[in-house]
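Chemist: After the sequence you'll find the predicted model.
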Amino acid sequence: MSSGPRFRFAPSPTGFFHVGGARTALYNWALARRLQGTFVLRIEDTDEARNRPEWTQGIIDALAWIGIHSDDPTFEGPYFQSDYAEAQVAAARRLFDGGTAYYCDLTSEQIHERVKAGAGGYDGYSRDRGLGPAPGRVLRFRVPQGATTVHDLVRGDVVFDHATIEDFVLLRGDGTPMFLLANVVDDIEMRISHVVRAEEHLPNTPKQQLLWQALGSHPPVWAHVPLLVNEQRKKLSKRRDKVAVEQYRAEGYLAAAMVNYLMTLGWSPPGDQEIVPWAAIEQAFQLEDVNHSPAFFDVRKLAAFNGEYIRRLPVDEFIAACRPFLESPDVPWPAERFDAAKFAAMASVVQLRASTLDEVPGVVDFLFLADPVLDEEVWAKTIAAPGARDVLAEATEAYQQLPEWHAAALKATLEAVGERHALKLGKAQAPIRVAVTGRTVGPPLFEALEVLGRGEVIRRLILVATA
RNA sequence: GCCCCCAUCGUCUAGUGGCCUAGGACACCACCCUUUCAAGGUGGCGGCACGGGUUCGAAUCCCGUUGGGGGUGCCA
């Protein structure tokens, strides 16, 4: 086992993996690797999560997708919060025995009433009542006088006056540990040295630090990284926002692009390039350089990164990356009509045009569809346009005669047809494109015609001409 | 209510007292290239929230204001 620093990443399984969580995981991972430490995965599981092991598996899969592999020596875990329940209760017991925690028999309703009557939160009602453990009684931490300073690597020193911290609950009325206690005990048990997490946890940190100390341990290095927000500058949430890493994966975002983009939120790589490989990021990343303010997760910029990453892929890797999208059941053509060789022939021009992989089927569908469908609007704009039918007829004729079926010849032929009608190639190609592909826009036409083949091209041209 | 955090183009950021006439990227606009659409090239638009200090000098340091966000559970 490594003796270096130990970074813990502790997501709660909720059925999906949050992009904000992904960024925090990446921070921990980069640090663990650069500092020759350990990335410890601990799942903050709940009853529901325990009944759904696939949620935990989803986290592990998503981590693997962004390059955090559970079989890497840097990786330790997964552990589960519930595995440590005994230690958590034992710690609470020690706190009670030592007098830094006490039992209270007030119910939430009773506390609520006292608050309405003027108490600012829980007012320490049972502090000196000497109550012992009993069903229905919660164990509360006795917050001492004074103040706690949290030394945060991102934010500097943050001071919290204990007067503003109420005696928080350690053990529920049924004796089970609360999150705060569980968290601290687990971290101590696992000898965690660095806690890197989202800023929303900062207000809880003095309580945790107090617990670390009360339990006789030296608090870890804290680092609270800025939140990821939506256009309304609110914390990203599953309900309002597209936050599931799995969804981006399904839409054809490349893991490398996602990782790179995530790392530019709240931090920027040294130098003037923002598209940089993970290896460079791993070497350069440090918490001291992380921004203090929340960052908007901009899908458009993510898409721009993704397009860049797609274009940089060697063509065979691009083809491989497209496979799941071309073999998906959602594909618009009958599966048996798919022809990998035809796609491969078009791949390099498609690659230049996709910003996400899920756009790819729509770009090449005409190759595999039995008959492309043209809607009325497209028909009116192109086929019904003046001169279009003449171009169509003449091109069909010429293409039937063409000695060799390849892109250059197809282009030259259509250019000649266009000249006779005083049409530039840009205009002349329009009806042909629509007749063959069903669309006004798409990949370069003559390459597409070559790949589709003479028979099919002629058939489609005649089909439209006679309609 | 109370506590805490934050504040540079629309967005992500560079900037740590003089290299700032504030740099880059995404988005947007224009032009070029062109076989439609992209990609690429060139150019443009656009910002230090406000008010006080400190200093010879402030985007940078301090205070305040305003604005935004987070936290405040017998949730995690």
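Modeler: In hand now; what should we look at? Residues are numbered from 1 along each chain as shown, chains lettered A, B, ... in the order given.
Chemist: My read is that A:L210 contacts A:T148, right?
Modeler: Yes: the criterion here is Cβ atoms under 8 Å, and A:L210 meets it with A:T148 at 6.2 Å. Where C-beta positions appear, they are placed from N, C-alpha and C, glycine not excepted.
Chemist: got a list of what the spatially closest residue to A:W333 that is not a sequence neighbour touches?
Modeler: In space, and not counting its chain neighbours, A:W333 is closest to A:F368: 3.8 Å by Cβ to Cβ, 6 or more residues apart in numbering. A:F368 makes contacts with A:W333, A:P334, A:R337, A:F338, A:D339, A:K342, as judged by Cβ atoms under 8 Å, 6 or more residues apart in numbering.
Chemist: Turn the residues you listed into JSON lines, columns for pLDDT, secondary structure and distance to A:E44.
Modeler: Formatted as JSON lines, those follow (pLDDT from 0 to 100; DSSP: H, G, I helix; E, B strand; the rest coil; distance: Cβ to Cβ, whole Å):
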{"residue": "A:W333", "pLDDT": "96", "secondary structure": "coil", "distance to A:E44": "45"}
{"residue": "A:P334", "pLDDT": "96", "secondary structure": "coil", "distance to A:E44": "46"}
{"residue": "A:R337", "pLDDT": "96", "secondary structure": "helix", "distance to A:E44": "48"}
{"residue": "A:F338", "pLDDT": "97", "secondary structure": "coil", "distance to A:E44": "43"}
{"residue": "A:D339", "pLDDT": "97", "secondary structure": "coil", "distance to A:E44": "48"}
{"residue": "A:K342", "pLDDT": "97", "secondary structure": "helix", "distance to A:E44": "49"}
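Chemist: Pick the one among the residues you listed closest to RNA strand B.
Modeler: Using Cβ to the nearest atom of the strand, A:K342 is the member of those that lies nearest RNA strand B, at 16.8 Å.
Chemist: Just give the number of residues close to A:L35.
Modeler: Number of residues near A:L35 (other Cβ atoms under 10 Å) recorded here: 15.
Chemist: meant to ask about A:F318, not that
Modeler: A:F318 has 21 neighbouring residues, counting by other Cβ under 10 Å.
Chemist: Touching, it and A:Q351? I think so.
Modeler: Yes: judged on Cβ under 8 Å, A:F318 makes contact with A:Q351 at a distance of 4.8 Å.
Chemist: hey, what's in contact with both of the two?
Modeler: Residues touching both A:F318 and A:Q351 (Cβ under 8 Å, 6+ apart): A:I310.
Chemist: Now A:F141: phi and psi?
Modeler: When read as degrees, to the nearest 10, the backbone of A:F141 gives phi -80, psi 130.
Chemist: Spit out the contact partners of it.
Modeler: A:F141 is in contact with A:L95, A:T100, A:A101, A:D167, A:F168, A:V169, A:L170, A:K207, A:L210, A:L211, A:A214, counting by Cβ under 8 Å, 6+ apart.
Chemist: now with 6 Å?
Modeler: A:F141 sits next to A:A101, A:D167, A:F168, A:L170 when contact means Cβ atoms under 6 Å, 6 or more residues apart in numbering.
Chemist: May I ask you to confirm that the last one belongs to a strand?
Modeler: It refers to A:L170. Yes: with DSSP: H, G, I helix; E, B strand; the rest coil as the criterion, A:L170 is located in a strand.
Chemist: Spell out the residue ranges of the strands in the stretch 1-150 of chain A.
Modeler: Taking DSSP state E, counting those that start in this stretch, the strands of the stretch 1-150 of chain A run over residues A:6-9, A:38-43, A:75-80, A:101-104, A:138-141, A:147-152.
Chemist: And the spatially most central residue of chain A, what's its pLDDT?
Modeler: Centroid-nearest residue in chain A, with Cα atoms, centre = their mean: A:V245, separated by 3.0 Å. Looking at A:V245, its pLDDT reads 98.
Chemist: wait, it sits on A:A62?
Modeler: Yes: the criterion here is Cβ atoms under 6 Å, and A:V245 meets it with A:A62 at 4.8 Å.
Chemist: Any part of stretch A:121-131 near RNA strand B?
Modeler: Yes: judged by Cβ under 7 Å from any atom of the strand, stretch A:121-131 and RNA strand B are in contact via A:G121, A:Y122.
Chemist: Send over the helix or strand hosting A:A280 as CSV, restricted to the C-alpha atoms.
Modeler: Here A:A280, judged by DSSP states H and E, is contained in helix A:278-284. In CSV, the C-alpha atoms belonging to helix A:278-284 read as follows (Å, rounded to 0.1, in the frame of the first residue of the first chain):
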residue,chain,number,x,y,z
TRP,A,278,-4.9,14.2,-19.6
ALA,A,279,-1.2,13.3,-19.0
ALA,A,280,-0.4,17.0,-19.1
ILE,A,281,-3.3,17.9,-16.9
GLU,A,282,-2.3,15.3,-14.3
GLN,A,283,1.2,16.8,-14.1
ALA,A,284,0.0,20.4,-13.8
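Chemist: one step back: now the residue nearest to A:W333: how far from A:V436?
Modeler: 13 Å (Cβ to Cβ, to the nearest Å).
Chemist: Also A:A320?
Modeler: From A:A320 across to A:V436, the span is 28 Å (Cβ to Cβ).
Chemist: Compare those two and say which is more crowded by neighbours.
Modeler: For A:A320 versus A:V436, the count of surrounding residues by other Cβ under 10 Å is larger for A:V436: 23 against 11.
Chemist: residues in contact with the more buried one?
Modeler: Counting by Cβ under 6 Å, 6+ apart, A:V436 makes contact with A:V457, A:R460.
Chemist: Could you tell me what pLDDT the model assigned to it?
Modeler: 96.
Chemist: A:H406 contacts A:V451, doesn't it?
Modeler: No: counting by Cβ under 6 Å, A:H406 does not reach A:V451; the two are 10.4 Å apart.
Chemist: okay, these two: which has more neighbours?
Modeler: Set A:H406 next to A:V451 and count neighbours by other Cβ under 10 Å: A:V451 wins out with 21 against 12.
Chemist: Would you list the phi and psi of the spatially closest residue to the more buried one that is not a sequence neighbour?
Modeler: Leaving aside its chain neighbours, A:V451 sits nearest to A:A345 (4.6 Å; criterion: Cβ to Cβ, 6+ apart). Main-chain torsions, A:A345, degrees, to the nearest 10: phi -70, psi -30.
Chemist: What segments of the stretch 351-467 of chain A are helices?
Modeler: Taking DSSP state H, counting those that start in this stretch as the test, the helices found in the stretch 351-467 of chain A are A:360-368, A:376-378, A:388-401, A:407-420, A:425-437, A:445-452, A:454-465.
Chemist: weakest of those helices by average pLDDT?
Modeler: Mean pLDDT is lowest for helix A:376-378 among these, at a mean of 86.
Chemist: So that one, near RNA strand B or not?
Modeler: No: residues of helix A:376-378 are not located near RNA strand B by Cβ under 7 Å from any atom of the strand, the shortest gap being 11.2 Å.
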